[in-house]
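S.K.: fold the following.
(chains A and B)
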There are 2 protein chains.
Amino acid sequence: MSIRLNETHDAGLKSWVASANVENTDFPIQNLPYGVFRRRHSDEAFRVGVAIGDQILDLTVVRGSGAFAEVEPLARQALEAAASPTVNALMALGQPAWSALRLALSRALRMDAPQAARLNSALVPQTEAEYAVPARIGDYTDFYTSIHHATTIGKQFRPDNPLLPNYKWVPIGYHGRASSIVISGQGFRRPVGQIKAPTADVPVLGPAQRLDYELEMAVYIGCGNALGEPVSIADAESHVFGLGLFNDWSARDIQAWEYQPLGPFLSKSFASTLSPWIVTLEALAPYRQAWTRDRDDPQPLPYLDSPDLREYGAFDVQLEVFLSTQSMREADLPPQRLSRSNLSDAYWSVSQMVTHQTVNGCNLQPGDLLGSGTLSGPTPDAAGSMLELSSGGKQPLTLVSGETRSFLQDGDEVIFRGQAQRDGFVRIGFGEVRGEVLPARGL
Amino acid sequence: MSIRLNETHDAGLKSWVASANVENTDFPIQNLPYGVFRRRHSDEAFRVGVAIGDQILDLTVVRGSGAFAEVEPLARQALEAAASPTVNALMALGQPAWSALRLALSRALRMDAPQAARLNSALVPQTEAEYAVPARIGDYTDFYTSIHHATTIGKQFRPDNPLLPNYKWVPIGYHGRASSIVISGQGFRRPVGQIKAPTADVPVLGPAQRLDYELEMAVYIGCGNALGEPVSIADAESHVFGLGLFNDWSARDIQAWEYQPLGPFLSKSFASTLSPWIVTLEALAPYRQAWTRDRDDPQPLPYLDSPDLREYGAFDVQLEVFLSTQSMREADLPPQRLSRSNLSDAYWSVSQMVTHQTVNGCNLQPGDLLGSGTLSGPTPDAAGSMLELSSGGKQPLTLVSGETRSFLQDGDEVIFRGQAQRDGFVRIGFGEVRGEVLPARGL
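M.R.: Sure thing, here's the model as predicted:
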């Protein structure tokens, strides 16, 4: 991997796509995230595009345009792979190819680029697009990297002993359901499941009453590893294609009854929602931070530690959670921000997740997804779930509309946004992930 | 679904493939399981075949032979789908198509079938074949359907309260890793992971010392369901293509340290091994049994209960575990049987697994795999794991070679076999699943 900055990160770059130069766009020319889209209400095939300002650069059209005829062979090969219904083929090519394509895209989209005229017809306005899950996800695993989340949740179950003894040693994770991962904007039915009230003798089947969101980031695996061949911490980030926003919806009442002894199952597998855009690790290079561990805490075992990790293993990505209820929308009230958090507060790094996942020889494949787990920060207003914000439902939130919420109601829409910024660099954004709770299916 | 028997189950049927008529073959003409194979040491493409006696009928060659030109259109469509590198396309067609192809295959393989001459060239001897995982597995989930296993394991952790309160209500399951599922005969490296000895203050990274097998059956999903649309118990079996043998290798020491609070992860994801052949649900029709629940136990919630379930929801499939150590092979000793068990002893049925998995709206896809969980029977000699047979390692087994085993050693090969038989019907078998423990990768 390389943390080095290059010309694609230069804050002075402007694009001939004018909307990419607007202050506070999520998608300046320094970002160039990948997604899969088509024109809304069309029967076009979904294909890979790159967000630039308020437009999408259609890479299948770019390939056909001949505008990249002069770029270096590795970038041309990457463009060939990216002219596809999913990002997987590009992912499989590896970091040098991703970097070559990024450089070629950056140069072609710059102000005064000679390709501008030919590429103009490859632009589709984002307002006219709909999106698909950008990668064919083989396996999805979810981690638990926020010690603040683990501690707050642990307190609700075990006030005297909130954090389990393995937490500071093991990047805890578990397998999740890939088939029910959907794209931002797609609503989902409130799940039905077995629920046993604390005072009840027997469970009943019914709609979840304690439905929650979880503020997470998605880590997309780029190139994989062979079964039996672990990925060292030094190599881990070269296997990561990029990051997205991720809402791992959770039914707390189903979870409480089902999760022992093998972990959460139907409380999670009804839906998880991804943002359309994958921001590459290379785009995030300027916003890296030192990864630290309190001196009083156990230091990571050697397989989870490295000088690079200590120097720049963390990502300063600011995250926000918004809620829009049906009443708020009817009253033309904007979505209300519920909390703010930051990926850099995670106890375990992206590279540690990758290395831990493979230390037993488990093979990763292009498009596999690692969830960060709920990214709660150190303060109560940085909680990444309603379970935390409402203290397990005991302290309902009061909303600007006058409504209260302990958990999500039908018609509630949850929106996450993310961004990275640093002095001397342009701000880049992740776009957003949104999902609406639809009423449960009749029993 | 249909439990009705038809001409394909007739015990009097004989095949023009002579080896299919030998007593105790796993693959008489009444079985006709699907697998994916190619000639060993060749660079042929893997493709779907049907086991018949000691041969494999190559369905891609059958399609090209024109021998099925006269069969009904649904069977021809199914054959088209089956002439493929995986069984997925056939799975997606649904039960009527599977049944039509089975009938056509049965008729074409019968003694004196007019197609015999043309099909002869579609046969490949099993001794010359190697196999691949027969389906492209999207998601793999593992259940915990043996109350005997759950109780024995529970006793090791909680002597006074072995079975958790949810067990008799919820078909407990959790998500597993699909990428590391391999085919019978493929060895795997002993996994490395974090292990904390009970007396140690801190964990260390090292090879698992408590490596175990788990005797399971694999349930292959045929046609799926849409996200948000549960599968009722009445429909559940129409979504099941068939069953195979499955070894869900487990590293008990890694598991003990990592599994709280989110369940097993790296203790499982290093490898799981499938048998080459999928025995269809239709082939198993003669060996169905009533599904019962003790009167003293809670009866299933209505969504998990049905008259059909009570009448024939269980499968009488006899299972055996064998161990072959390196010393045993060097001394020309045959594999030693460690235990015998039966799928019918499971507390939850195949249909209950499918319905429970989808009750929250989770979508299944063709090729998805549901593991039964370790199928231990009611007696100690029916235990489906070494953890149970050796009482958590406290009572090592003595083998015919004079060796002892608490857990698996390098060079140990574990073999499962399965069969179904009933008076008035021919015995059918599942073949076998075998896997050898290879030494851990150097740290």
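S.K.: isn't A:Gln260 up against B:Asn166?
M.R.: Yes: A:Gln260 sits in contact with B:Asn166 when judged by CB atoms under 8 Å, with a separation of 6.8 Å. C-beta coordinates here come from the backbone N, C-alpha and C atoms, glycine included.
S.K.: what is the neighbour count of A:Glu258?
M.R.: 28 (other CB atoms under 10 Å in any protein chain shown).
S.K.: next one: it from B:His356, what distance?
M.R.: Relative to B:His356, A:Glu258 is positioned 10 Å away (CB to CB, to the nearest Å).
S.K.: what is in contact with the two at once?
M.R.: Between them, A:Glu258 and B:His356 share these contacting residues under CB atoms under 8 Å, 6 or more residues apart in numbering or on different chains: A:Leu266, B:Val170.
S.K.: give me the nearest residue to the residue of the stretch 151-300 of chain A found nearest chain B, chain neighbours excluded.
M.R.: Using CB to the nearest CB, the single residue of the stretch 151-300 of chain A nearest to chain B is A:Gly263, 2.3 Å away. Leaving aside its chain neighbours, A:Gly263 sits nearest to B:Gly263 (2.3 Å; criterion: CB to CB, 6 or more residues apart in numbering or on different chains).
S.K.: how many other residues sit next to the one you found?
M.R.: Neighbour number of B:Gly263 under other CB under 10 Å is 25.
S.K.: that older thread, what sits against the residue of the stretch 151-300 of chain A closest to chain B?
M.R.: A:Tyr174, B:Tyr174, B:Tyr259, B:Pro261, B:Leu262, B:Gly263, B:Pro264.
S.K.: any idea how far it lies from B:Gly173?
M.R.: On the measure of CB to CB, A:Gly263 and B:Gly173 end up 10 Å apart.
S.K.: with A:Val433 instead?
M.R.: Counting by CB to CB - A:Val433 and B:Gly173 are separated by 27 Å.
S.K.: just checking, what packs against the longest helix seen in chain A?
M.R.: The residue-count maximum for a helix in chain A (DSSP state H) belongs to helix A:95-109. Contact analysis of helix A:95-109 by 3 or more CB pairs under 8 Å, 6 or more residues apart in numbering or on different chains; DSSP states H and E lists helix A:73-82, helix A:88-93, helix A:116-119 as its packing neighbours.
S.K.: which parts of it are buried?
M.R.: A:95, A:97-109 (16 or more other CB atoms under 10 Å in any protein chain shown).
S.K.: mind naming the longest strand for chain A?
M.R.: strand A:428-438 (DSSP state E).
S.K.: quick one: contacts for A:Met386?
M.R.: A:Asp212, A:Tyr213, A:Leu338, A:Leu397, A:Arg405, A:Ser406, A:Phe407, A:Leu408.
S.K.: and if you look at A:Ala104?
M.R.: Contacts of A:Ala104 by CB under 8 Å, 6+ apart are A:Phe68, A:Val71, A:Glu72, A:Ala75, A:Ala78, A:Leu79.
S.K.: in what helix or strand does A:Met328 lie?
M.R.: helix A:326-330 (DSSP states H and E).
S.K.: show me where chain A dips below the pLDDT cut-off.
M.R.: A:1-3 (pLDDT under 70).
S.K.: which residues of it fall in helices?
M.R.: Going by DSSP H, chain A shows helices at A:59-65, A:73-82, A:88-93, A:95-109, A:116-119, A:147-157, A:252-258, A:307-312, A:326-330, A:350-358, A:386-389.
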